[in-house]
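Student: Here is a sequence with its predicted model. Questions after.
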Amino acid sequence: PADEPWWTRAVVYQIYPRSFQDTNGDGIGDLPGILQRVDHLVELGVDVLWLSPIYRSPQDDNGYDISDYEDIDPAFGTLEDLDRLLEALHERGLKLVMDLVVNHTSDEHPWFVESQSSTDNPKRDWYWWRPAREGMEPGTPGAEPTNWGSFFSGPAWDHDEATGEYYLHLFSRKQPDLNWENPEVRRAVYRMMRWWLDRGVDGFRMDVINLISKTVGPDGSLPDVPAEDGRYGQPGVAAANGPRLHEFLQEMHREVFDGRRGVGETPGTTVEHGRLLTDPARHELDMVFTFEHVSLDHGPGGRFDVHPLDLRDLKATLGRWQAGLAEAGWNALYWDNHDQPRIVSRYGDDVAYRRESATMLAIVLHLHRGTPYIYQGEELGMTNAHFTSLEEYRDIESLRWADAERDRLSEEQLLGCLAAGSRDNARTPVQWDDTAQAGFTTGRPWIAVNPNHDTINAAAERADPDSVFHLYRRLVALRHEDPVVQRGDFHLLLPDDPHVYAFTRTLGDEQLLVLGSFSSDPQVAEVGPGWSDASLVIGNYTSPVATDGDRVALRSWEAVVLRRT
Ligand SMILES: O=C(CO)[C@@H](O)[C@H](O)[C@H](O)CO[C@H]1O[C@H](CO)[C@@H](O)[C@H](O)[C@H]1O
Ligand SMILES: [Ca+2]
């Protein structure tokens, strides 16, 4: 019904501009390249384009370190190029969502340059400056104001020789955190957001937005966090979901949003938080990205310490978020993005069953209740990079982790951990065809093209009616047409089955049964009575699925959606 928000029927496509399409042969994707490929988005049928950062930036973290929020980095193009893209998207009924990175700026942003210049500069309090720990020699390990660790390994504080104080950076030292306690900072951010909305942008994806409110003591002190002796604390602990987060987001909503929207990236957020953040009655965010389901194969060592997934954990986690936001709030559904290894290699089988497992994972995700996100290349079934040398890696998080672990692990062990957990797995150029550089560039790509582009590429996928690409087109069309897919209640089945993901979606007297096998071996799903004469909605095998009474037999990595009324 018309009063349902548009995004309950929408599908979002994420582009990582550096790796999408290069048009000037410098090996770096750019805005004219996205314009050139807009018809790929139209053919897929998606409704919204989310662009990872394209702002002026020293590219220390590939654009998530911004030095000018109101200009485009020359590597990606110009403001005019963006206006042309915006116009082309709007003409085709698509919306554009920009990446909003305001937990931190680049250390080359004029705000920080000023703030760093002297302790009494009017912008000193725009960032987090603190003296060394009591009685410790400034600049020596352990003298940092708190024991907070950075997401990119090492301490979250850097000592500034010139002014003798430390500044906070939860990510790289070239990404100093903004001090949102300072109302001037908030006003400057809201003014910048309105500038982009006035330019026609339709909304924002907000980077680590739940880290903007730090836990500050009444005297302005910042607390240490639990940590093993001599080691830095878990990154973000004293910043995640801080005391003033909801206040800041409600203020932002009042100051900025008049109907245009925002999705928040919120690492370390619980279901309870998710509901508070996305309950429309609270006027904060429209949906959030949670991280629980993409951390289930992480061992104690985090993302580079990868362990086999237990499907029961995945079902329990996604099931909890579905149930938790059923009454109020809304989920953002994703497997892939520019920070995660590709799901077909991670939870699927990218060797013997790439098409089957990629399409099964797509069907299972897109039939959940929420707004699905497709990350560039996911619709082609692109796999992890499978790099074989350290030289091939580019990602600051991976390189700093390898540096920190070099004495503890052998080169072979380092390569194994990086191959499984690195963000670069998601950042290899999009594979458009089977030519030398996969049609991405006529030059030398900034990161290596995956050699499997000879068989895995858009041209081949488009030519094969049973391909991953055409399955995604059908899923997007289903989301647009089917109210049960859009709004049906979610109910998990078979929670203890270690191989089959099963659930129903119900709206009125219409019900869908969704089954996905996470196994190469044949599986049987006990689905109970009443499905034997159900109709097929979508499946990833061309020949019909075998139902006999209350049992459905699933072939390798098979997924099927049945409907009964
Ligand atoms: O998962 C993570 C922690 O290990 C990181 O990959 C990631 O840093 C975190 O999810 C937050 O990501 C966002 O902010 C970062 C800092 O801006 C940027 O590097 C990521 O690309 C962005 O998605
Ligand atoms: Ca280029």
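Tutor: Received the coordinates, thanks. Residues are numbered from 1 along each chain as shown. Ligands and ions are numbered 1, 2, ... in the order given.

Student: alpha carbons only for contacts and neighbour counts from here, please
Tutor: OK.

Student: low-scoring stretches of the protein, by residue?
Tutor: 1-3, 258-261 (pLDDT under 70).

Student: how near is the residue of it most remote from its centre to ligand 1?
Tutor: Most distant residue from the mean C-alpha position of the chain: Gly135, 41.6 Å away (CA atoms, centre = their mean). Counting by CA to the nearest ligand atom, to the nearest Å, the gap from Gly135 to ligand 1 is 32 Å.

Student: Next, give phi and psi for that residue.
Tutor: Main-chain dihedrals, Gly135, degrees, to the nearest 10: phi 70, psi 10.

Student: Over to Gly539?
Tutor: Residue torsions, per degrees, to the nearest 10, at Gly539 are phi -160, psi 170.

Student: go on, Thr506?
Tutor: Dihedral angles (degrees, to the nearest 10) for Thr506: phi -130, psi 130.

Student: contacting residues for it?
Tutor: The neighbours of Thr506, taking CA atoms under 8 Å, 6 or more residues apart in numbering as the test, are Val484, Gly488, Asp489, Phe490, Leu512.

Student: buried ones in stretch 134-151?
Tutor: Pro138, Gly139, Gly142, Ala143, Glu144, Pro145, Thr146, Asn147, Trp148, Gly149, Ser150, Phe151 (16 or more other CA atoms under 10 Å).

Student: Equivalent analysis for stretch 446-454, please.
Tutor: The neighbour-count check on stretch 446-454 (16+ other CA under 10 Å) flags Trp446, Ile447, Ala448, Val449, Asn450, His453, Asp454 as buried.

Student: so which of the buried residues of stretch 134-151 comes closest to ligand 2?
Tutor: Phe151 (29.2 Å; CA to the ion).

Student: got a list of what that closest one touches?
Tutor: Phe151 makes contact with Leu170, Phe171, Ser172, Pro235, Gly236, Glu397 under the criterion CA under 8 Å, 6+ apart.

Student: Would you list the phi and psi of the residue nearest to Gln250 when sequence neighbours are not counted?
Tutor: Sequence neighbours aside, Glu284 is the residue nearest to Gln250 in space, at 5.1 Å (criterion: CA to CA, 6 or more residues apart in numbering). With angles defined as degrees, to the nearest 10, Glu284 sits at phi -120, psi -90.

Student: Then Ala238?
Tutor: Per-residue torsions, Ala238: phi -90, psi 10 (degrees, to the nearest 10).

Student: same question, Trp196
Tutor: phi -70, psi -40.

Student: repeat for the one 5 residues further on
Tutor: Recorded main-chain torsions at Val201 are phi -60, psi 150, according to degrees, to the nearest 10.

Student: To what extent is it buried, counted in neighbours?
Tutor: 19 (other CA atoms under 10 Å).

Student: surely it meets Asp83?
Tutor: No. Using CA atoms under 8 Å as the test, Val201 is too far from Asp83 to be in contact (9.5 Å).

Student: hang on, the earlier thing: can I get the buried part of the contacts of Thr506 as one ChimeraX selection?
Tutor: Restricted to buried positions by 16+ other CA under 10 Å, the ChimeraX selection for those reads:
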select :484,488,489,490,512
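
Student: got the contact list for the residue of the stretch 301-450 of the chain found nearest ligand 1?
Tutor: Nearest residue of the stretch 301-450 of the chain to ligand 1, counting by CA to the nearest ligand atom: Asp339, 4.8 Å away. Contacts for Asp339 were tallied using CA under 8 Å, 6+ apart; they are Ser422, Arg423, Asp424, Ala426.

Student: Phe503 now?
Tutor: Here Phe503 is in contact with Phe490, His491, Leu492, Leu493, Leu494, Leu513, Val514, Leu515 (criterion: CA under 8 Å, 6+ apart).

Student: Of the residues you listed, which is the nearest to Asp125?
Tutor: Phe490 (46.8 Å; CA to CA).

Student: how close does that closest one get to ligand 1?
Tutor: 27 Å.

Student: Next, count neighbours for whichever residue of the stretch 351-500 of the chain sits closest to ligand 2.
Tutor: Closest approach of the stretch 351-500 of the chain to ligand 2 (CA to the ion) occurs at Thr441, with a separation of 7.9 Å. By other CA under 10 Å, the residues close to Thr441 number 24.

Student: give me every residue that touches it.
Tutor: Gln21, Asp22, Thr23, Asn24, Gly25, Asp26, Gly27, Ile28, Gly29.

Student: run the last query once more with 7 Å
Tutor: Contact analysis of Thr441 by CA atoms under 7 Å, 6 or more residues apart in numbering lists Gln21, Asp22, Thr23, Gly25, Gly27.

Student: now Gly516
Tutor: Gly516 touches Met360, Val364, Val500, Tyr501, Ala502, Trp557, Glu558, Ala559, Val560, counting by CA under 7 Å, 6+ apart.

Student: if we go to 6 Å?
Tutor: Met360, Val500, Tyr501, Glu558, Ala559 (CA atoms under 6 Å, 6 or more residues apart in numbering).

Student: isn't the first one right up against Ser556?
Tutor: No. If you go by CA atoms under 6 Å, Met360 and Ser556 don't touch, sitting 9.8 Å apart.

Student: Those two: who's more crowded?
Tutor: Met360 (27 against 18).

Student: Who are the contact partners of the spatially most central residue of the chain?
Tutor: Nearest residue to the geometric centre of the chain (CA atoms, centre = their mean): Asn337, 4.2 Å. Counting by CA under 6 Å, 6+ apart, Asn337 touches Tyr375.

Student: What separation is there between it and Asp433?
Tutor: 22 Å (CA to CA, to the nearest Å).

Student: Glu247 too?
Tutor: 48 Å.

Student: who's more crowded, these two?
Tutor: Counted by other CA under 10 Å, Glu247 and Asp433 do not tie: Asp433 has more neighbours, with 19 against 12.

Student: contacting residues around the more buried one?
Tutor: Gly439, Asn457, Ala458, Ala459.

Student: I figured the third one hits Asp434, correct?
Tutor: What that stands for is Ala458. No. Contact between Ala458 and Asp434 fails when scored by CA under 6 Å: they sit 9.0 Å apart.

Student: What parts of the stretch 251-400 of the chain come near ligand 1?
Tutor: Asp339 (CA under 6 Å from any ligand atom).

Student: Which stretches in the stretch 251-400 of the chain count as strands?
Tutor: Per DSSP state E, counting those that start in this stretch, the stretch 251-400 of the chain has strands spanning 261-265, 287-289, 298-299, 302-306, 332-333, 371-375. These are given in chain order.

Student: Out of these, which one sits most buried?
Tutor: strand 287-289 (a mean of 25; mean count of other CA atoms under 10 Å).

Student: quick one: contacts of that one?
Tutor: With CA under 6 Å, 6+ apart as the test, strand 287-289 has contacts from Val263, Gly264, Glu265, Thr266, Thr278, Trp330, Asn331, Ala332.

Student: Pick the one among those residues closest to Phe387.
Tutor: Glu265 (27.9 Å).

Student: residues contacting Thr8?
Tutor: Thr8 neighbours (CA under 6 Å, 6+ apart): Gln486.

Student: 10 Å - rerun?
Tutor: Residues near Thr8 by CA atoms under 10 Å, 6 or more residues apart in numbering: Trp330, Asn331, Arg369, Gly370, Thr371, Pro372, Arg479, His480, Pro483, Val485, Gln486, Arg487.

Student: can those residues go into CSV with extra columns for distance to Arg130?
Tutor: Formatted as CSV, the contacts of Thr8 follow (distance: CA to CA, whole Å):
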residue, distance to Arg130
Trp330, 39
Asn331, 38
Arg369, 45
Gly370, 42
Thr371, 41
Pro372, 42
Arg479, 50
His480, 52
Pro483, 54
Val485, 51
Gln486, 49
Arg487, 49
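
Student: which one of these is nearest Ile54?
Tutor: Pro372 (22.8 Å).

Student: so what's that closest one bridging to?
Tutor: Leu333 (DSSP bridges).

Student: count of residues packed around Gly25?
Tutor: Around Gly25 there are 14 other residues, counting by other CA under 10 Å.

Student: sorry, back to before: which members of the contacts of Gly516 occur in strands, if any?
Tutor: Members of those lying in strands (criterion: DSSP state E): Val500, Tyr501, Ala559.
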